[in-house]
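**Student:** Attaching a predicted model along with its sequence, questions to come.
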Amino acid sequence: MDFYFDSYGDLTLQRAMVSDQVRTDAFADAIAEVVKDGDTVLDVGTGTGLLAMLAAKAGAKKVYGIDQASVVALATKLVEHNGLSDKVQITKGNAKNFELPEKVDLLVSEWLGHFGFVEMMLDDVILARDRNLKPDGKMMPSSIELFMAPISVPWIYGETGPGFWSFPVRGIDYAPLEAMELKQAIAGKSVVPVDALLSRGESLMAFDLKTVKKDDPWRSGDLEFVIEEDGKMDGFVGWFVSDLSPEITLDTGPDCVPTHWGQTHFMFPPRDVKKGDVVKTHFALDRHPFEERSLELRLAVDDDTIHYTVG
């Protein structure tokens with residue numbers, strides 16, 4: 001736990017997030033749209049204080065920023081450096097136990113991880129919402145939707161993925177390791193080109209952040225993908241779309257400008273597919289039983305089932 005929060009004091013990590021122009025511009029534009037003169041705002045997981053300071057500049061009379069990481073010391077210095085100490089108050093603490101002396105008009109939080117929920121920060125955001133948001137207050141993001149699609153990326157699967165083992169190495173047959181690596185099932189961030197998609201993305205789930213409960217994301221269901229062109233399906237790609245405000249949507253799909261989240265790549269035993277085929281997939285998404293900041297996703301197609309760690 002301490003390592004997780006300590007990692008956010010690393011300026012390399014902070015720079016990766018702040019320098020993501022798609023991310024930063026989307027939140028900045030949404031804050032400018034939503035915050036009204038005289039509003040009170042709570043920024044959960046404030047990091048360097050960027051969103052808190054943007055809210056103050058947008059007209060908020062009081063902004064509370066909270067973070068459990070050591071980066072709050074830097075955030076406090078940046079608030080002072082930017083002449084906003086009269087409006088922005090930075091506190092080091094855990095958001096799930098945080099209760100303000102007043103209810104706020106807006107709760108803003110960049111809690112999003114790859115595949116939407118990795119890092120498992122949503123639980124704390126929900127608790128902070130229930131304690132501190134006015135009944136008519138707003139959430140930013142206001143919604144999130146999770147998508148998945150089958151893909152064909154043989155240059156990844158065969159060169160830097162488990163397909164590598166299907167080729168002999170100096171005359172030594174490594175073929176059994178392909179299936180073994182697939183079963184290790186580590187789903188990581190990647191940038192998947194849009195032309196790798198074999199069908200349109202289908203929605204796993206969608207939530208309103210004003211009403212979502214902490215166990216709502218953990219569910220199972222069935223998806224059907226209609227294949228749009230012949231190919232060899234060797235995995236799935238996942239991404240999220242999040243409405244930050246009525247006018248601003250943050251889309252991390254393969255057809256959008258890449259962000260630091262990228263997409264999430266789930267390698268799967270390859271199979272030939274033809275245009276018009278329907279790939280029926282069962283999924284189950286849950287908290288990881290051992291790694292508290294990770295997810296577990298089970299994907300099944302016909303007789304193949306893989307349990308992925310997403311973290």
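**Tutor:** That came in fine, so what should we check first?
**Student:** Tell me where the stretch 51-200 of the chain has helices.
**Tutor:** Counting by DSSP state H, counting those that start in this stretch, the stretch 51-200 of the chain has helices at residues 72-81, 122-132, 154-157, 176-184.
**Student:** tell me the most buried of those?
**Tutor:** A comparison of the helices of the stretch 51-200 of the chain by mean neighbour count, using mean count of other CB atoms under 10 Å, puts helix 122-132 on top with a mean of 19. For the C-beta atoms, the positions are set from N, CA and C on the backbone; glycine is no exception.
**Student:** Determine the set of other helices and strands touching that helix.
**Tutor:** Contact analysis of helix 122-132 by 3 or more CB pairs under 8 Å, 6 or more residues apart in numbering; DSSP states H and E lists strand 40-44, strand 104-108 as its packing neighbours.
**Student:** that older thread, would you turn the helices of the stretch 51-200 of the chain into a markdown table with mean pLDDT and distance to Thr91?
**Tutor:** Below are the helices of the stretch 51-200 of the chain laid out as a markdown table (pLDDT from 0 to 100; distance: least, CB to CB, whole Å):
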| stretch | mean pLDDT | distance to Thr91 |
| --- | --- | --- |
| helix 72-81 | 96 | 7 |
| helix 122-132 | 97 | 12 |
| helix 154-157 | 94 | 43 |
| helix 176-184 | 95 | 41 |
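**Student:** quick one, phi psi at the closest residue to Ala58 other than its chain neighbours?
**Tutor:** With sequence-adjacent residues excluded and distances taken as CB to CB, 6 or more residues apart in numbering, Ala58 is closest to Val35, at 3.9 Å. As for Val35, its main-chain torsions (degrees, to the nearest 10) stand at phi -70, psi 130.
**Student:** Leaving out sequence neighbours, find the closest residue to Ala149.
**Tutor:** Among residues not flanking Ala149 along the chain, Gly201 sits closest, at 4.2 Å (CB to CB, 6+ apart).
**Student:** how many other residues sit next to the one you found?
**Tutor:** Residues lying near Gly201 (other CB atoms under 10 Å) number 22.
**Student:** do the same with Met205
**Tutor:** Quick note: Met205 (other CB under 10 Å) scores 17 neighbours.
**Student:** Which residue is the nearest non-sequential neighbour of it?
**Tutor:** Nearest residue to Met205, sequence neighbours excluded (CB to CB, 6+ apart): Leu146, at 5.3 Å.
**Student:** In the stretch 201-311 of the chain, where is pLDDT below threshold?
**Tutor:** Along the stretch 201-311 of the chain, no part satisfies pLDDT under 70.
**Student:** Pop the domain breakdown of this structure in here.
**Tutor:** Domain assignment for the chain, taken from automatic domain parsing, gives 2-110, 144-310.
**Student:** For those domains, please prepare a markdown table with the additional fields distance to Phe117.
**Tutor:** Shown next, in a markdown table, are the domains of the chain (distance: least, CB to CB, whole Å):
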| stretch | distance to Phe117 |
| --- | --- |
| domain 2-110 | 13 |
| domain 144-310 | 6 |
